[in-house]
Every structure is written in structure tokens, then in C-alpha cells.
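>>> Have a look; sequence and predicted model below, questions after that.
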Amino acid sequence: MGLETVEIVLWAEEEFGVSMPDEEVGGIFTVGEFSEYIGEKVDSTQGISINRSDILVKITDLLVNDYGIERDKIKPSSKFVQDLGLD
């Protein structure tokens, strides 16, 4: 993982209160996969069900506001590196 993707994982750990080991997130390539992973982690570790759409909105807002990615480029199928240009 590159610096930007590590920063996004660290943000998500803090934002959602879960730990995301490198070996688990290393195989995540798309925004949708990451959103689903976060939801599953929150569900299993905190015992609450979190709306995946809400997670997707937060990830999108982060990518737009902190990384300058155009909102219309961000879709669940968007790959962090290949489509969004993150390292």
C-alpha cells in the first residue's frame, strides 16, 4: 500500500472505531469493497449494523475534500489506484 491508501485506512480506523490489519486490507482494491469491509468490521467488532450507504458517503467526502478527487469519478467500482490515482 502507498502512503495515501495507508492514510485512508488510518482515517477509517479512527472514523469507525475499528482495527484494520494490513493483511486484511491489502486485498481491497475498490471503494465499494472498502465500504463493505468497514461495515463488516463494525458489525462484527461493535455488534451494531451500520448502513453501507452512509459509509460510502463518508469515504466519498474524504476523497473529494482531502484528496481533490472529482465526486463523479468515485463509484463503488472505482479502484483506488488505477481509477482514482491514489498510491
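It's in.

>>> Show me which positions of stretch 66-86 end up buried.
For stretch 66-86, the neighbour count (16 or more other CB atoms under 10 Å) marks 69, 74, 78, 80, 83, 84, 86 as buried. No exception for glycine: its C-beta is placed from N, CA and C like everyone else's.

>>> Ramachandran coordinates for the third one?
Dihedral pair for residue 78: phi -70, psi 130, per degrees, to the nearest 10.

>>> number of nearby residues for residue 46?
Look at residue 46: counted by other CB atoms under 10 Å, it has 12 neighbours.

>>> Enumerate every residue touching it.
Applying CB atoms under 8 Å, 6 or more residues apart in numbering to residue 46 gives the contacts 17, 18.

>>> for residue 11, same thing?
Taking CB under 8 Å, 6+ apart, we find residue 11 in contact with residue 62.

>>> out of the buried residues of stretch 66-86, what pair is the most spread apart?
For the buried residues of stretch 66-86, the farthest-apart pair by CB to CB is 74 and 86; their separation is 11.1 Å.

>>> mind checking how far the residue in the chain sticking out farthest from the centre is from residue 17?
Farthest-out residue of the chain from its mean C-alpha position, per CA atoms, centre = their mean: residue 47, at 19.7 Å. Residue 47 sits 12 Å away from residue 17, going by CB to CB, to the nearest Å.

>>> Below-threshold pLDDT in the protein: ranges please.
For the chain, applying pLDDT under 70 flags the ranges 1.

>>> residue closest to the middle of it?
Nearest residue to the geometric centre of the chain (CA atoms, centre = their mean): residue 34, 4.3 Å.

>>> Surely it and residue 26 touch.
No - look at residue 34 against residue 26 with CB atoms under 8 Å: they stay out of range, at 11.8 Å.

>>> Could you measure from the closest residue in space to residue 69 that isn't next to it in sequence over to residue 6?
Once flanking residues are discounted, residue 69 sits nearest to residue 63: 4.5 Å by CB to CB, 6 or more residues apart in numbering. Residue 63 sits 15 Å away from residue 6, taking CB to CB as the criterion.
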